[in-house]
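**Q** quick one: sequence plus predicted model below, questions after.
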Amino acid sequence: MVVSAHLSIDGRAVHFRKPIDARGEGVEVVGVTLRPGSDDAAVDSAARTMAALRPDLVVMDCMGYTSANKARVRLGYSGPVILAIAAAARVVEELVS
């Protein structure tokens, strides 16, 4: 499984694999830099990069990413996209209901 996340570490893409069992099977995380508040061209470029990496899932992990960013990512990537702020809001909604 490849899980993709937008990470900003010194402006470079980040790749790592974390084994989760004795056979060495695990989750590979691939990061692509995208600053919150980026223009549409930057979001489109990050989405194309993610699509080329063919992840099983994209996690937009910064609370500064918006639903508009998610919608643009979905234009270039057909898999599931999780927006951190939306996931947090749903958890809070569940806790208070």
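**A** Alright, I've got the coordinates.
**Q** show me where the protein has strands.
**A** 2-5, 14-19, 26-31, 57-60, 81-83 (DSSP state E).
**Q** can you tell me the average pLDDT over the shortest one?
**A** So that's strand 81-83. Averaging pLDDT along strand 81-83 gives 90.
**Q** quick one: buried residues of it?
**A** 81, 83 (16 or more other C-beta atoms under 10 Å). All C-beta atoms are positioned from the backbone trio N, CA, C, and that covers glycine.
**Q** what helices or strands is it leaning on?
**A** strand 57-60, helix 67-76 (3 or more C-beta pairs under 8 Å, 6 or more residues apart in numbering; DSSP states H and E).
**Q** how close does the residue nearest to the spatial centre of the chain get to Ser97?
**A** The residue lying closest to the centre of the chain (C-alpha atoms, centre = their mean) is Val59, at 2.7 Å. Distance from Val59 to Ser97, counting by C-beta to C-beta, to the nearest Å: 25 Å.
**Q** same question, Pro36
**A** Noted for Pro36: a distance of 29 Å to Ser97, by C-beta to C-beta.
**Q** between these two, point out the one with more neighbours.
**A** More neighbours surround Pro36 than the other of Pro36 and Ser97, with 13 against 5 (other C-beta atoms under 10 Å).
**Q** how about that one, nearest residue that isn't a chain neighbour?
**A** Using C-beta to C-beta, 6 or more residues apart in numbering and skipping the chain neighbours, the partner closest in space to Pro36 is Gly64 (2.9 Å).
**Q** can I assume the one you found is in contact with Gly37?
**A** Yes. Taking C-beta atoms under 8 Å as the definition, Gly64 is a contact partner of Gly37 at 6.6 Å.
**Q** thinking again about what came up before, with mean pLDDT and distance to Ala86 as extra columns, can I get the helices and strands packed on strand 81-83 in JSON lines?
**A** Putting the helices and strands packed on strand 81-83 into JSON lines (pLDDT from 0 to 100; distance: least, C-beta to C-beta, whole Å) gives the following:
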{"stretch": "strand 57-60", "mean pLDDT": "86", "distance to Ala86": "9"}
{"stretch": "helix 67-76", "mean pLDDT": "92", "distance to Ala86": "7"}
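**Q** pick the most deeply packed of the ones you listed.
**A** strand 57-60 (a mean of 22; mean count of other C-beta atoms under 10 Å).
**Q** I'm done for today, thanks for sticking with me.
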